[in-house]
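S.K.: make a model of this:
(chains A, B and C)
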Amino acid sequence: MDIKHIVEAILFAAHRPMSCKQIQQVFPELEQPELTDIETAIEAITDDYQPRPIELKRVASGYRFQVKVEYSHWVARLFEEKPPKYSRALMETLAIIAYRQPVTRGDIEDIRGVSVSSSIIQTLLEREWIKVIGQKAVPGRPSLYGTTKQFLDYFNLSTLNELPTLAEIQQLDESITDNPTAQAHRENPETTA
Amino acid sequence: MDIKHIVEAILFAAHRPMSCKQIQQVFPELEQPELTDIETAIEAITDDYQPRPIELKRVASGYRFQVKVEYSHWVARLFEEKPPKYSRALMETLAIIAYRQPVTRGDIEDIRGVSVSSSIIQTLLEREWIKVIGQKAVPGRPSLYGTTKQFLDYFNLSTLNELPTLAEIQQLDESITDNPTAQAHRENPETTA
Amino acid sequence: MDAVTLLPTLATVNGTSVHTLPEDLYIPPDALEVLLDTFEGPLDLLLYLIRRQNMDIINIPIAQITQQYIAYIQLMGILNLDMAAEYLLMAALLAEIKSRMLLPRQVEDDIEEDPRATLIRRLQEYEAIKNAAEQIDALPRMERELFSTLVDVSALSVTQPLPELPLHDLLLAFKSVLKRVDQHSHHQITKEPLSVRERMSYILDNLKAVDSCTFPQLFSRQEGRAGVVVTFLAILELGKERLIEIIQAEPYSELRVKAA
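M.R.: Residues are numbered from 1 along each chain as shown, chains lettered A, B, ... in the order given. Below is the predicted model of the structure:
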């Protein structure tokens, strides 16, 4: 059998990058081709796949087939996972920043009565719902956080003033929702919107 | 971008069999090709890989790329673990479920003439080769078992029809005796069975 | 037969110990070693006996096969092999068929199914399944002859969708904060209009980029009176919370505002 075909089969079936030496070892002892033969085969295979959407790529530990980067956009949906849900702590933190801005992390902790993890602040910053708008003039100069335009956009508000007042929030009925998908959410925690 | 290339990239990236419908769903909503376009692409890809050591194979749950059987000798050496072996009892139980589904454990025992151990049923369920497809309307309501798509996938089949044909059960002559020579060539259309 | 002849007593048939095998009892020596392990049950053993002697299932000589089967069973007993009850049941069934066949036939009025026919059908069905199982076992299968391809996708940049956050959920979270604060807190959540808090953030954010700005620069004429009021309240609140400094270098000079 053709060495090139065997090498190609091995590269496709291996669950890890394979060096020429490792490919050689896969052959039974008495049938092992020379390393140069394997290199030649790899070159030929690399050329063969030029027009295809996958490529034989050399990485640190050897060769492996991979999907060409330009197809990311197309195959991405294969790997999309159900989006996670935000924690209660994150929602409370965000709400406090929205209503009490500008606030420091210490302020948020005072109000919530528990510490606020860095990862929550990090997530909110990455989501661009909050930003650092200054430093408080106290020892340690903690960052002051405020909400962003993206925050308003996400919640479909034109100004912060459109958020319900504290009084309105106190009246908020837990069973009434502004958003039918949010309702479905609570009725069936398994489904993700 | 060419649909064929995208379909090929999806099939390679999926790491599981993909049906035409599933492939279609991977495309962004407004760019989804027709199912017939995907079928055409799959045919073209299948042809393209004819000369190569891998093939696009149709199994029960869809299409998957796999190494051609003739290369298994080499490729098997990539894996240190020996492939799992299954006992005759398990294979016979599986065969009965495949050919006689839906069947209860009692039916399987009747055909094999011995009791079926729970561990065999358990193994088959865990491998997802069989599943409970209902309960028989008799006292005790025993589970009815049937085979799954994963069973067909594993054995490289696309439908149950591709299973080896079962030997036909010969009809019996009514007047059978203990004397084989006297019976050997007698034909009698009235049969008991 | 060597393995067999080593045994002191092969079987006890009708109270007599049998030391040599009857001529018509065919027991291949290789079968003895793995006797019960090899057979998947009484049907399998029967099939084995039939097939080894090239008999036709449809026309099994019941007398002969019964004798052989029972000899096997007895042998198993002697060898102390764990024998499933099904084997004994089959021996009983065979004996019954044999005795019924010796009786004169009751033609036509015999509505009961011929027990031999039932056995033959079961043997046929079992043999068909047994053969099919062997064929399925021989099919190319994953992990043994078939190997899926694995193409790396780690180079692909896949963006994960971000969690959704319905406004209602956000407000409910805040409501529970307010409840906790009400219950046991020295902390007051004051009831300033949100426009003031928003403006506070806006002013601070703008002061971040510059060292300082003049007081009038914070106001925008286009916003009208209401806007001016909101900005003024925001500046006062920022000053109160010591987030900004309002500086006047000398009397009557321009007021300047800078971040604290």
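S.K.: only C-alpha atoms for contact and neighbour calcs from this point on.
M.R.: OK.
S.K.: just the strands in chain C please.
M.R.: With strands called from DSSP state E, chain C shows them at C:11-13, C:16-18, C:147-148, C:213-214, C:244-248, C:255-259.
S.K.: got JSON lines for those strands, with distance to A:I111 too?
M.R.: What follows is these, written out as JSON lines (distance: least, C-alpha to C-alpha, whole Å):
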{"stretch": "strand C:11-13", "distance to A:I111": "91"}
{"stretch": "strand C:16-18", "distance to A:I111": "96"}
{"stretch": "strand C:147-148", "distance to A:I111": "56"}
{"stretch": "strand C:213-214", "distance to A:I111": "32"}
{"stretch": "strand C:244-248", "distance to A:I111": "22"}
{"stretch": "strand C:255-259", "distance to A:I111": "24"}
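S.K.: so where's the chain uncertain?
M.R.: Let's take chain A. For chain A, the stretches with pLDDT under 70 are A:1, A:174-193.
S.K.: my bad, the chain I had in mind was chain C
M.R.: C:1-37, C:79-83, C:104-113, C:157-159, C:183-192.
S.K.: what about the strands in chain A?
M.R.: So, for chain A - with DSSP E - the strands run A:54-59, A:62-67, A:130-135, A:143-147.
S.K.: give me whichever of the strands of chain C is most buried.
M.R.: strand C:147-148 (a mean of 23; mean count of other C-alpha atoms under 10 Å in any protein chain shown).
S.K.: would you map the helices across chain A?
M.R.: A:3-13, A:20-26, A:35-48, A:72-79, A:88-100, A:105-112, A:118-126, A:149-154, A:166-171, A:180-187 (DSSP state H).
S.K.: oh, that last question was meant for chain C, not what I typed.
M.R.: Counting by DSSP H, the helices of chain C are C:2-5, C:29-33, C:35-38, C:42-52, C:62-78, C:85-102, C:115-138, C:167-183, C:194-209, C:224-240.
S.K.: nearest to chain B, out of those?
M.R.: helix C:115-138 (5.1 Å; C-alpha to the nearest C-alpha).
S.K.: just want the angle from that closest one to helix C:62-78.
M.R.: Helix C:115-138 and helix C:62-78 meet at an angle of 60 degrees, taking axes from the mean of the first three to the mean of the last three C-alpha atoms, to 10 degrees as the criterion.
S.K.: can you give me how far helix C:115-138 is from the chain middle?
M.R.: Remark: helix C:115-138 is offset 31 Å from the chain centroid, using C-alpha atoms, centre = their mean, to the nearest Å.
S.K.: touching chain B at all, it?
M.R.: Yes - against chain B, helix C:115-138 shows contacts by C-alpha under 8 Å from any C-alpha of the partner chain at C:117-118, C:121-122, C:124-126, C:128-130, C:132-137.
S.K.: contacts only, for C:P193.
M.R.: Residues near C:P193 by C-alpha atoms under 8 Å, 6 or more residues apart in numbering or on different chains: A:161, A:165.
S.K.: same thing with C:I120?
M.R.: By C-alpha under 8 Å, 6+ apart, the contact list for C:I120 reads C:57-58.
S.K.: how about 6 Å then?
M.R.: The contact partners of C:I120, by C-alpha atoms under 6 Å, 6 or more residues apart in numbering or on different chains, come to none.
S.K.: what's the distance between it and B:A89?
M.R.: 21 Å (C-alpha to C-alpha, to the nearest Å).
S.K.: the stretch 101-250 of chain C against chain A: which residues are in contact?
M.R.: C:149-153, C:156, C:158, C:160-163, C:166, C:170, C:173-174, C:194-195, C:197, C:201, C:204-205, C:208, C:243 (C-alpha under 6 Å from any C-alpha of the partner chain).
S.K.: tabulate the helices of chain A (TSV), appending mean neighbour count.
M.R.: Shown next, in TSV, are the helices of chain A (neighbours: other C-alpha atoms under 10 Å in any protein chain shown):
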stretch	mean neighbour count
helix A:3-13	23
helix A:20-26	17
helix A:35-48	15
helix A:72-79	18
helix A:88-100	23
helix A:105-112	18
helix A:118-126	14
helix A:149-154	15
helix A:166-171	14
helix A:180-187	14
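S.K.: can you redo these as TSV with distance to chain B?
M.R.: Converted to TSV, the helices of chain A look like this (distance: least, C-alpha to the nearest C-alpha, whole Å):
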stretch	distance to chain B
helix A:3-13	6
helix A:20-26	6
helix A:35-48	10
helix A:72-79	6
helix A:88-100	31
helix A:105-112	40
helix A:118-126	25
helix A:149-154	22
helix A:166-171	38
helix A:180-187	20
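S.K.: export these as JSON lines, with columns for distance to C:P251.
M.R.: Below are the helices of chain A laid out as JSON lines (distance: least, C-alpha to C-alpha, whole Å):
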{"stretch": "helix A:3-13", "distance to C:P251": "82"}
{"stretch": "helix A:20-26", "distance to C:P251": "83"}
{"stretch": "helix A:35-48", "distance to C:P251": "80"}
{"stretch": "helix A:72-79", "distance to C:P251": "64"}
{"stretch": "helix A:88-100", "distance to C:P251": "34"}
{"stretch": "helix A:105-112", "distance to C:P251": "36"}
{"stretch": "helix A:118-126", "distance to C:P251": "42"}
{"stretch": "helix A:149-154", "distance to C:P251": "39"}
{"stretch": "helix A:166-171", "distance to C:P251": "41"}
{"stretch": "helix A:180-187", "distance to C:P251": "58"}
